[in-house]
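Asks: Return a 3D structure for these sequence lines:
(one chain, ligands or ions: 1)
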Amino acid sequence: MSHPLEELRASALTEIADAADEQTLEAARVRYLGRSGSIAVWGEQMKTLSKEERPVVGKLLNEVRNAVTASIAETGERLRAAKEAGALANIDVTLPGAPAEIGGLHPLTQMLDRAISIFRRMGFALAEGPDVETEWYCFDALNTAPDHPARNEQDTFYLPDGRLLRTHTSTVQIRTMLSAPPPIRVIAPGGAYRRDEVDATHSAQFHQIEGLYVDEKVSVADLKGTIEFFLRELLGANTEIRFRPHYFPFTEPSFEFDVRSRAIKGGKWLELAGCGMVHPAVLEEVNRARGDDAYDPEKYTGFAFGMGMDRLAMLMFDIPDIRYFAQNDLRFLRQFA
Ligand code: DAH
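Replies: Predicted coordinates:
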């Protein structure tokens with residue numbers, strides 16, 4: 001007759017193999033291997049056996065425990081695999097997939113991209129600089145006196161450490177000239193910041209395209225020609241452009257220019273930019289900071305401009321409020337995608 005432990009093993013292995021799901025298997029595990037399960041009970045009974053019997057039964061008990069443990073692990077694996085396969089079988093691969101949402105470019109990005117591609121055709125490279133700047137890049141190097149109103153805290157966001165959010169992209173003129181000798185022909189699109197009262201046409205953050213061209217014999221005619229070509233490419237051949245004398249500390253002479261075009265809503269003149277011939281004092285300060293004479297004002301001249309992009313984009317896309325640009329409202333953005 002076989003030992004009762006062998007019978008226990010036989011019935012345990014059959015029961016485990018027959019388990020139809022994970023709960024049944026777990027119940028069997030508790031019954032055989034649990035703290036008060038049959039195998040534990042046998043372990044307790046070992047004490048009552050004679051010296052001769054003990055090693056024989058002990059060995060058998062170990063074999064039974066190992067066999068039951070292995071069988072439970074194997075069956076568990078099989079049940080989990082079957083469950084997974086069942087779940088996968090329920091997926092209808094012929095159903096249409098979830099549509100991929102395709103994003104669109106923000107209207108300001110579209111505007112900048114168009115402008116950039118026109119300037120690139122004229123040989124302007126892209127330059128950039130940080131939004132957080134020092135007073136030197138934003139004002140001193142641009143020949144802006146310490147008492148100039150633009151430095152006022154009312155206009156400029158100062159950081160506690162004395163740095164500031166650039167009030168214009170003209171900072172990139174200085175960064176570009178410090179990094180390379182002439183000839184320079186770059187545009188720098190980017191954000192600028194001023195403590196403006198926010199309303200439909202004013203935002204504390206706005207966008208400009210800065211331009212800088214320094215070489216031998218650059219003249220006001222080059223400035224005008226470049227601006228006129230750019231605006232006619234952007235807004236159409238019928239675009240009218242007018243230059244007005246103006247004042248900026250970093251250019252001499254200085255101008256502002258306005259545009260009027262069918263592409264611009266309202267048919268009115270739009271004041272678009274400041275520009276002028278780079279002031280010799282700017283070139284001299286750049287030389288001082290570079291420690292050389294690369295931008296010798298006797299040899300090199302240059303023009304610069306800084307164009308506001310937000311107002312232009314508003315008029316071209318018929319956007320009534322500048323705040324829409326930064327609200328991330330999909331109902332607004334989808335109209336330009
Ligand atoms: N930085 C000026 C502003 O934000 C615009 C400007 C004027 C830029 C003349 C220039 C310039 O490069 O030459 O109002």
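
Asks: Where does pLDDT dip in the stretch 1-150 of the chain?
Replies: 1 (pLDDT under 70).

Asks: Which residue is it, in it, that comes closest to the ligand?
Replies: Using C-beta to the nearest ligand atom, the single residue of the stretch 1-150 of the chain nearest to the ligand is L142, 7.9 Å away. C-beta: built from backbone N, CA, C; applies to glycine.

Asks: wait, that residue sits on F250?
Replies: Yes. The pair L142 and F250 qualifies as a contact (C-beta atoms under 8 Å) at a distance of 4.1 Å.

Asks: list residues touching both of those two?
Replies: Contact criterion C-beta atoms under 8 Å, 6 or more residues apart in numbering; residues shared by L142 and F250: 170, 173, 282.

Asks: so G306, which of the three states?
Replies: Here G306 is recorded as strand under DSSP: H, G, I helix; E, B strand; the rest coil.

Asks: Settle this for me: it is touching T167, isn't it.
Replies: No. If you go by C-beta under 8 Å, G306 and T167 don't touch, sitting 10.6 Å apart.

Asks: which one of the two has more residues nearby?
Replies: The neighbour count for G306 versus T167, taken as other C-beta atoms under 10 Å, is higher for G306 (24 against 20).

Asks: How about the contacts made by the more buried one?
Replies: 168-170, 208-211, 273-275.

Asks: Now list the buried members of those.
Replies: The neighbour count (16 or more other C-beta atoms under 10 Å) marks 168-170, 208-211, 273-275 as buried among those.

Asks: Following the lengthiest helix in the chain in sequence, what is the next regular element?
Replies: Looking across the chain with DSSP state H, the single longest helix is helix 53-89. Scanning forward in sequence from helix 53-89 by DSSP states H and E, the next helix or strand is helix 107-121.

Asks: Next, the buried residues of that following helix.
Replies: 107-108, 110-112, 115, 118-119.

Asks: Redo these as TSV? Include distance to the ligand.
Replies: Rendered in TSV, the data for the buried residues of helix 107-121 read as follows (distance: C-beta to the nearest ligand atom, whole Å):
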residue	distance to the ligand
P107	21
L108	17
Q110	22
M111	17
L112	16
A115	15
I118	18
F119	14
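
Asks: confidence score at the residue lying closest to E153 once chain neighbours are set aside?
Replies: Closest residue to E153 apart from its sequence neighbours, by C-beta to C-beta, 6 or more residues apart in numbering: R195 at 7.7 Å. R195 is assigned a predicted lDDT (pLDDT) of 92.

Asks: Count residues in the vicinity of R195, would you?
Replies: 15.

Asks: Name all residues that make contact with it.
Replies: R195 neighbours (C-beta under 8 Å, 6+ apart): 153-157, 204.

Asks: Please repeat the previous calculation with a cut-off of 10 Å.
Replies: 152-158, 165, 167, 204 (C-beta atoms under 10 Å, 6 or more residues apart in numbering).

Asks: A12 now?
Replies: Neighbours of A12 in contact, by C-beta under 10 Å, 6+ apart: 28-29, 31-33, 37-39, 64, 67-68, 71-72.

Asks: how close does it sit to N287?
Replies: Between A12 and N287 the computed distance is 93 Å (C-beta to C-beta, to the nearest Å).

Asks: Could you do A67 as well?
Replies: Remark: distance between A67 and N287 (C-beta to C-beta) = 90 Å.

Asks: in what helix or strand does G129 lie?
Replies: Residue-wise, G129 maps onto no helix or strand under DSSP H and E.

Asks: Now do it against T176, distance only.
Replies: According to C-beta to C-beta, G129 and T176 sit 8 Å apart.

Asks: Need the residues touching each of the two.
Replies: Shared contacts of G129 and T176 (C-beta under 10 Å, 6+ apart): 188, 210.

Asks: thinking again about what came up before, what's the overlap in contacts for G306 and T167?
Replies: In terms of C-beta under 10 Å, 6+ apart, G306 and T167 are both contacted by the residues A192.

Asks: leaving aside the residues next to it on the chain, what's closest to E285?
Replies: A141 (5.0 Å).

Asks: That neighbour looks like it's in a helix, true?
Replies: Yes. Judged by three-state DSSP, A141 forms part of a helix.

Asks: Surely it and N287 touch.
Replies: No. Using C-beta atoms under 10 Å, A141 is not in contact with N287, being 11.1 Å away.

Asks: where do the contact lists of the two overlap?
Replies: Shared contacts of A141 and N287, defined by C-beta under 10 Å, 6+ apart, comprise M177.

Asks: Looking at the two, which is more packed in?
Replies: Taking neighbours as other C-beta under 10 Å, A141 and N287 compare with A141 leading, 24 against 16.

Asks: Doesn't T167 belong to a helix?
Replies: No. Under three-state DSSP, T167 falls outside any helix and is assigned coil.

Asks: And it, how close does it get to F325?
Replies: T167 sits 19 Å away from F325 when distances are taken as C-beta to C-beta.

Asks: ditto for S170
Replies: Here S170 is placed at a distance of 22 Å from F325 (C-beta to C-beta).

Asks: Any idea how many residues pack against R242?
Replies: 12.

Asks: I appreciate the help and will end here.
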